[in-house]
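Peer 1: Build me a structure from this.
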Amino acid sequence: MKKLPLILLLATSTMLMACNNGQKINGHTEKTAYRSVKMIKTRLPEEKRVEYEMSFWMVRDEKKDNAVFLKTIDEKTPDEIVAMGKEIYQKRKTEGAAEYQTYKSWEEMMAKYDRDRMGQGKVKSDIKEKINDPKSGNRDVIYSM
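Peer 2: Below you'll find the predicted structure:
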């Protein structure tokens, strides 16, 4: 009976340690990294998801080598990933990357991607109504041969 409280204490502490890493990326392998990024993204508030996802992919684009990439993102929180994304944005903007010159700030770029993402969520019935709308200019099909 003396072992039961010890086992219970050990099990409880193990569970608490496992729950503590729920907001950190597991970067041991590429598969676990992508899985944990996806899981973290679903737990984030709606307004932070696009910023987190864009930052993650900016870090991925910056770190081409898998080992370096995994080491960079391992045990990082969403806020740390976003901070890395902002640094990469600023670095690329100062280097003169054309795609970043159109935005005045990180926030402006995120707002644009957020609007674009909102448009992707349209249901097919909305698209079908627009196609069947006689006022819409999408009724004519012109083939150039």
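Peer 1: Give me the phi and psi for the residue sitting nearest the centre point of the chain.
Peer 2: Central residue of the chain (Cα atoms, centre = their mean): Glu53, 1.3 Å from the mean position. Torsion angles at Glu53 (phi, psi; degrees, to the nearest 10) stand at phi -60, psi -40.
Peer 1: That one: what's it in contact with?
Peer 2: When the contact criterion is Cβ atoms under 8 Å, 6 or more residues apart in numbering, the partners of Glu53 are 37, 41. Where you see a C-beta, it was placed from the backbone N, CA and C, and this is true even at glycine.
Peer 1: Thr102 and Asp61, how far apart?
Peer 2: Separation of Thr102 from Asp61 (Cβ to Cβ, to the nearest Å) stands at 18 Å.
Peer 1: got it, and Ile73?
Peer 2: Computed as Cβ to Cβ, the Ile73 to Asp61 distance reads 13 Å.
Peer 1: So if I had to pick from the two, which one is more boxed in?
Peer 2: Summary of the neighbour comparison: Ile73 and Asp61, criterion other Cβ atoms under 10 Å, with Ile73 having more neighbours (22 against 11).
Peer 1: My read is that that one contacts Val59, right?
Peer 2: Yes. When contacts are counted by Cβ atoms under 8 Å, Ile73 is listed as touching Val59 (6.4 Å).
Peer 1: which residues are in contact with both of the two?
Peer 2: By the contact definition Cβ under 8 Å, 6+ apart, Ile73 and Val59 are jointly contacted by Ile81.
Peer 1: and the residue nearest to the centre of the chain, how far is that from Glu75?
Peer 2: 19 Å.
Peer 1: now do Met109
Peer 2: Taking Cβ to Cβ as the criterion, Met109 is separated from Glu75 by 27 Å.
Peer 1: more crowded one of those two?
Peer 2: A direct count of neighbours by other Cβ under 10 Å for Met109 and Glu75 places Met109 higher, at 18 against 12.
Peer 1: which stretch of helix or strand covers the more buried one?
Peer 2: If you go by DSSP states H and E, Met109 is part of helix 106-120.
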